[in-house]
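In: Sequence and computational prediction follow.
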2 protein chains.
Amino acid sequence: MGESPNISLSELQIALMRVLWARGETSTAEVASIMAQDRGLAHTTVATLLTRLEKRGVVAQRRDGRQLLYRALVEESAVRRSMVADLIGSLFSGDANALVAHLVEESEIAPDDLARIRHRLAQGDGDER
Amino acid sequence: MGESPNISLSELQIALMRVLWARGETSTAEVASIMAQDRGLAHTTVATLLTRLEKRGVVAQRRDGRQLLYRALVEESAVRRSMVADLIGSLFSGDANALVAHLVEESEIAPDDLARIRHRLAQGDGDER
DNA sequence: AGCGATCTACTACAGTCGTAGTACGACAGC
DNA sequence: GCTGTCGTACTACGACTGTAGTAGATCGCT
């Protein structure tokens, strides 16, 4: 079964998805107005992007009157999983720890945060929100 | 001055770079034979890839007789920095800690590793600022 | 000197991406 | 009912990628 071995999206595509992830089923117009606001994209551009994502199977499209409503078919976590794995595979020789080490070395996170994260995960464990 | 705000490379390009990073100045033939071995690429393909990287300014080319020798102009750490930052920016809303949390949640690293990494970095400390 | 092996340079081509215009159908207001 | 508006569908186009073939220069060997 299973889909989604390799869901890699561009920055822009992720921005689109982010809207769908946040609002669930969303009309082209709505997505377009957000993207227009955020980065001045023409709404035909957004429509094009969305149909492409649909053709790719990462979103589903449903018609409502003459509008199209889009809904994400992949979850954000799946995309994260896939893209992070790709990055680790290509840039860190598959070693996730090396990525964390890199983050600390580049001061993207403070060493203390590691402890904090660890605690948070250790106790709050049954996450799911 | 300054170069390198955004050095984003594809998986394949990284594979090429990896060779250059590992061996320093390397002839097309050498890179090509490695890539042929690793993923069956024709060596004209590799040559094309290398010239493209050169045009992009990420590697430098030097002629030795009729051969071309290539050398990386960007360091692996710079690419890591840039690509990891991009990923965090687009997929984790700029929150590096969220990336680490993701790694632990997806069991890409064990919680204990965080402590281990922290220790390693704490003592070997090369913190810069 | 000629021939084959090498190597680079140039060209090709399909696929994706970012970006958007144009064409056309439908709906709402006058 | 006609007209402007809104929305989708189709087309476009240049850049970049992955992939490689062909042409042409060269070098070494017999």
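Out: Great, that's in hand. These figures come from a predicted structure and were not determined experimentally.
In: Within range of DNA strand D, give me the residues from chain A.
Out: A:27, A:28, A:29, A:43, A:44, A:47, A:48, A:51, A:66, A:67, A:68 (C-beta under 7 Å from any atom of the strand). C-beta here means a position set from N, CA and C on the backbone, and glycine is covered the same way.
In: same thing but at 6 Å, please
Out: Residues of chain A found near DNA strand D (C-beta under 6 Å from any atom of the strand) are A:27, A:28, A:29, A:44, A:47, A:48, A:51, A:66, A:67, A:68.
In: which of those residues count as buried?
Out: Among those, those classed as buried by 16 or more other C-beta atoms under 10 Å in any protein chain shown are A:28, A:47, A:68.
In: Looking at those, which are in helices?
Out: A:28, A:47 (DSSP state H).
In: and the longest helix for chain A?
Out: helix A:76-91.
In: now it: how far from the chain's centre is it?
Out: Chain-centre distance of helix A:76-91: 10 Å, with C-alpha atoms, centre = their mean, to the nearest Å.
In: relative orientation of that helix and helix B:76-91 in degrees?
Out: 170 degrees (axes from the mean of the first three to the mean of the last three C-alpha atoms, to 10 degrees).
In: Give me every residue in contact with the following helix or strand past helix A:76-91, excluding its own residues.
Out: As assigned by DSSP states H and E, the chain's next helix or strand after helix A:76-91 is helix A:96-105. Residues outside helix A:96-105 that contact it (C-beta atoms under 8 Å, 6 or more residues apart in numbering or on different chains) are A:87-88, A:92, A:109-111, A:114, B:77, B:80-81, B:84, B:96, B:99-100, B:103, B:108-109, B:113-114, B:116-118, B:120-121, B:126-127.
In: Show me which of those residues are buried.
Out: Here, 16+ other C-beta under 10 Å leaves A:87-88, A:92, A:109, A:111, A:114, B:80-81, B:84, B:96, B:99-100, B:103, B:108-109, B:113-114, B:116-118, B:121 buried among the contacts of helix A:96-105.
In: what subset of those residues is also close to DNA strand C?
Out: Counting by C-beta under 6 Å from any atom of the strand, no member of the buried ones among the contacts of helix A:96-105 reaches DNA strand C.
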